[in-house]
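Colleague: Fold the following, please.
(chains A and B)
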Number of protein chains: 2
Amino acid sequence: MRLDDKINFEASLYDVVTMGELLIDMISIDYVPTLKEAINFQKTFGGSPGNIAVNLAKMNYKTALISSIGADDFGRFLMGFLQEQSVDTKGIQISDTNTSVVFVTKSKENPLFLPVRFADLALSLKKEQLFLIDNTKIFHFTAWALSHEPIRKVTMALLEYARSKKKLITFDPNYRNVLWEKGHDGPDFIRSKVLPLVDIIKPSESDAEHLLGKGSLDDYAMKFKDTGNLLVMMTLGAEGLMAMDDEEIIYIPSHAKEVVDTTGAGDAFWSGFMAGILNGKTIREALLQGSYSAAYKLETMGAVCELPDALTLELWARQS
Amino acid sequence: MRLDDKINFEASLYDVVTMGELLIDMISIDYVPTLKEAINFQKTFGGSPGNIAVNLAKMNYKTALISSIGADDFGRFLMGFLQEQSVDTKGIQISDTNTSVVFVTKSKENPLFLPVRFADLALSLKKEQLFLIDNTKIFHFTAWALSHEPIRKVTMALLEYARSKKKLITFDPNYRNVLWEKGHDGPDFIRSKVLPLVDIIKPSESDAEHLLGKGSLDDYAMKFKDTGNLLVMMTLGAEGLMAMDDEEIIYIPSHAKEVVDTTGAGDAFWSGFMAGILNGKTIREALLQGSYSAAYKLETMGAVCELPDALTLELWARQS
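Modeller: Reported below is the predicted structural model:
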């Protein structure tokens, strides 16, 4: 895939099907050094795949989510929110354990977090999932969905299935050691078993370092290319992002004007980028739409946001 | 044991050793019908055995707690709080799972709650626990400590040990179906295996109904007596409490003047009652001190409280 390529999608029932963690984010109300000092928390809808599905549904794209919740009030809250936002929920399973919760410190830089994961891991393989993948243009998943059994084997099965159906496969390798089962070599597993099946990834610098070992940005570029036929978009925080195809590395500066809340900025990027390629833009143009979307989200509180259409967004970004 | 008995305790290092759940209470800031509607939460020190240990330590009794926390920020918060309050923590284990959390709706009547229990269940048998029981006057535990393995077998072992050492054994049968492992008959287990080893219990009406089946208050009295040589103190919410020995049933009206927060009222009762018997009062007198303590706690927010000495408390209670 090249930066100036457009992707031709066949007409289908869904634009994007996302898969992975669906959970309650409990975010500290105050800026605190650690969760020990945090006193008050706010409960919000959480999990990157759900944020992307909601952002895109707000822009009238047809999305569905594959995940698992508990038969409890927190599960009912998540389900109700998805339904209000018109995200298709036939891929949401109800497991007999608790809905997963992640406690997070409010932070302008690196939030600390404490995951208490039950239901989101307890996914089993169901025909509805195959139906969703059959009928989507893009299949998107995350490293959270690989970090534990039983969801890991379901994710791998669906990934193979999506590959066989020639879907565009996007992957967020949001790698966090704390999530992985002890004794399981996450980086090796992702490099050898997952990346060869993926079309587009968006690692952060820290994800790249975890997956490839410490290196320069070009190192990362070369090493990712060695794992498969990947388009790599690497986010560099306040420095913006870089993207690389077989011939070129480009940098796109951050378009952020003011940072109110970093939560969900990466998901806003994915949402804008996907909207771009679904709308017939080139990868290069879609990267810009992703960058504008992340900047737009940074000015508002919360993990999901109401993204404007591409033209409005561009006008907004170009205002000084 | 009779209502007019005083209990003679031998001099010992600890007054009360409590055992059971130590966890984070996440209480909704607003009154809400269910946790689905709750948005903001406050994190507090939680778990009945810890509340009692803290209340009594604030009154200068020597207390220790047997429980288990995770090696995470929430565990460090709980441990730090116990140490600040001068509760002995040599019985606190650090397990390799997450510190337990319970989400609770703020309520003036029956709070709804969602337990996410990991570390508090993961207790193993250690010599420190035997030391603590050897050196205490009262050993107190809760139904939470019986609801799951592995803590159930540790609790039973320590209960037998405390019995063999002729300690006064008090038990809070705070029974909640949702806590018990599926397929485990909690009421039968408590009636047949636990109550015969216990000296004093404080069931609520709802606990009594769960453990004995629906009945009148006298039914409960008779049936509890059949399970062993028990002193039964039954709390009746706003109606106060009743207590029964082999010959007598007495009612003590509630001394509550104003209800600000019901959290920890039962633990304040236990704390006042224990302070009474430790101080050489009769059971009947100690029941009154427990009742005053619960009323005092109801006027303040939070699960633990600064209880006045018996005389001050009595003067306070007798003010109209």
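
Colleague: Distance across stretch A:107-123, terminal residue to terminal residue?
Modeller: 31 Å (C-alpha to C-alpha, to the nearest Å).

Colleague: list the buried ones in it?
Modeller: Judged by neighbour count (16 or more other C-beta atoms under 10 Å in any protein chain shown), stretch A:107-123 contains these buried residues: A:107, A:111-123. All C-beta spots, glycine's among them, are computed from the backbone N, C-alpha and C.

Colleague: same deal with stretch A:196-209?
Modeller: Buried, per 16+ other C-beta under 10 Å, within stretch A:196-209: A:198-204, A:207-208.

Colleague: before we move on, what about stretch A:175-191?
Modeller: Of the residues in stretch A:175-191, A:175, A:179-180, A:186-187, A:189-191 count as buried by neighbour count, 16+ other C-beta under 10 Å.

Colleague: would you turn the residues you listed into TSV with distance to chain B?
Modeller: Formatted as TSV, the buried residues of stretch A:175-191 follow (distance: C-beta to the nearest C-beta, whole Å):
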residue	distance to chain B
A:175	20
A:179	12
A:180	14
A:186	18
A:187	22
A:189	22
A:190	24
A:191	27
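
Colleague: which one of those residues sits closest to residue B:276?
Modeller: Of all the buried residues of stretch A:175-191, residue A:179 has the smallest distance to residue B:276: 49.9 Å, by C-beta to C-beta.

Colleague: which residues sit in contact with that closest one?
Modeller: For residue A:179, the contact set (C-beta atoms under 8 Å, 6 or more residues apart in numbering or on different chains) comprises A:115, A:117, A:143-144, A:147-148.

Colleague: at 6 Å what do you get?
Modeller: Going by C-beta atoms under 6 Å, 6 or more residues apart in numbering or on different chains, residue A:179 touches residue A:147.

Colleague: Then residue A:227?
Modeller: By C-beta under 6 Å, 6+ apart, the contact list for residue A:227 reads A:191, A:195.

Colleague: ditto for residue A:259
Modeller: So residue A:259 contacts residue A:298 (C-beta under 6 Å, 6+ apart).

Colleague: what's the distance between it and chain B?
Modeller: Note on residue A:259: its distance to chain B, by C-beta to the nearest C-beta, to the nearest Å, is 23 Å.

Colleague: Residue A:311: which element?
Modeller: Assigned by DSSP states H and E, residue A:311 falls within helix A:310-318.

Colleague: biggest separation within the buried residues of stretch A:196-209, which pair?
Modeller: Farthest-apart pair in the buried residues of stretch A:196-209 is A:199 and A:204; separation 18.7 Å (C-beta to C-beta).

Colleague: hang on, the earlier thing: and the buried residues of stretch A:107-123 as TSV, adding pLDDT, secondary structure and distance to chain B?
Modeller: Shown next, in TSV, are those (pLDDT from 0 to 100; DSSP: H, G, I helix; E, B strand; the rest coil; distance: C-beta to the nearest C-beta, whole Å):
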residue	pLDDT	secondary structure	distance to chain B
A:107	75	coil	14
A:111	78	coil	12
A:112	81	coil	7
A:113	83	strand	10
A:114	88	strand	6
A:115	86	strand	8
A:116	86	strand	5
A:117	83	coil	9
A:118	86	coil	7
A:119	92	helix	11
A:120	92	helix	13
A:121	91	helix	14
A:122	92	coil	14
A:123	95	coil	19
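
Colleague: Same list (these) but as TSV, adding distance to residue B:295.
Modeller: TSV is the format used below for the buried residues of stretch A:107-123 (distance: C-beta to C-beta, whole Å):
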residue	distance to residue B:295
A:107	43
A:111	43
A:112	41
A:113	41
A:114	37
A:115	41
A:116	36
A:117	42
A:118	39
A:119	41
A:120	44
A:121	46
A:122	45
A:123	50
